[in-house]
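[1] What follows is a predicted protein model with its sequence.
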Amino acid sequence: MADDTRPALHTSPVHVPVFDELRGTDHPGLALFHLVPSRVRGPAHPSKGVGSPDAVSGEILALLAGNVAEDASAVLCTCSTIGGVAESAAATLGVPVLRVDRPMAARCRGTGTRGGTRDRLRAPGTDPRAARRSTGDRPVEVRAVMVDGAWACFEADDRHGCPDLVAATADGVADADAIVPAQASMADAVTRTATRIPVLSSPRPGLAAAAAAAR
């Protein structure tokens, strides 16, 4: 692995071209190394139940330890479900481990003129606590809004059906300061919405944070 490399930990290969495209557009020359371990995908699947990411914490730590040993500057975890587990590995690894949704959450906290309500769009079965863990200390009301059918589309690699469902759900939200897609895979929905409420996404600001991070 080359110096100043940023490994990106994914739980699905569909994220690889998304972050490669962003790297080429926003951070040309950034050395991005993709890790897509099939054995840690299970905790992100609705059928496995919420609360299971800790069950693979040892595997995640071992995987990261084996791939950041050669001068990696930072690690980016693109899965919100295992993001907290990956983040906790930073002290052991000695490099920053960043969850992709933290920069988006920081922007979310800055929207509106009050504590406000942020609707977090998520597929049924994904972790509803992830939003609260990533939004920090400022009082924010977070409501989970289910996008029925989104996970099935994602699993089927339906590049249009999933973002269309997410966008339609976002357009149905009427009383929020911001709308936050819960997974990086929902980012394409942002350009398909008609709502006047800000709809945020995590891949671009998450990769920017990883690019800026240093040992």
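    Alright, I've got the coordinates.

[2] M186 touches R159, doesn't it?
    No. The pair M186 / R159 is not scored as a contact, 11.9 Å apart, by C-beta atoms under 8 Å. The C-beta positions use only the backbone N, C-alpha and C, and glycine is treated the same way.

[3] quick one: which of these two has more around it?
    Ranked by neighbour count (other C-beta atoms under 10 Å), M186 and R159 place M186 first, with 27 against 13.

[4] contacts for stretch 155-173?
    14, 119, 121, 145-150, 153-154, 179, 181, 185-189, 192-195, 197, 199 (C-beta atoms under 8 Å, 6 or more residues apart in numbering).

[5] Buried ones among those residues?
    Among those, those scoring as buried are 14, 119, 121, 145, 147, 149-150, 153-154, 179, 181, 185-189, 192-193, 197, 199 (criterion: 16 or more other C-beta atoms under 10 Å).

[6] Please pull out the lowest mean pLDDT helix or strand from the chain.
    helix 130-134 (a mean of 49; mean pLDDT, DSSP states H and E).

[7] Now the element after that helix, going C-ward?
    strand 141-146 (DSSP states H and E).

[8] CA atoms of that following strand as CSV?
    Output in CSV follows, covering the C-alpha atoms of strand 141-146 (Å, rounded to 0.1, in the frame of the first residue of the first chain):
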residue,chain,number,x,y,z
GLU,A,141,-35.2,15.6,17.3
VAL,A,142,-34.6,12.8,15.0
ARG,A,143,-37.5,10.9,13.4
ALA,A,144,-37.0,7.7,11.5
VAL,A,145,-39.0,7.5,8.3
MET,A,146,-39.1,4.1,6.7
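
[9] That one pairs with which strands, and in what direction?
    Applying DSSP bridges, strand 141-146 is found paired with strand 117-122 (parallel).

[10] Let me see the mean pLDDT of the strand it pairs with.
    Here strand 117-122 scores 57 as its mean pLDDT.

[11] For this protein, just list every one of the strands.
    5-9, 31-35, 75-77, 97-99, 117-122, 141-146, 178-181 (DSSP state E).

[12] among the buried ones among the contacts of stretch 155-173, which are in helices?
    Members of the buried ones among the contacts of stretch 155-173 lying in helices (criterion: DSSP state H): A150, C153, F154.

[13] and the gap between the first one and V142?
    What it means is A150. 18 Å (C-beta to C-beta, to the nearest Å).
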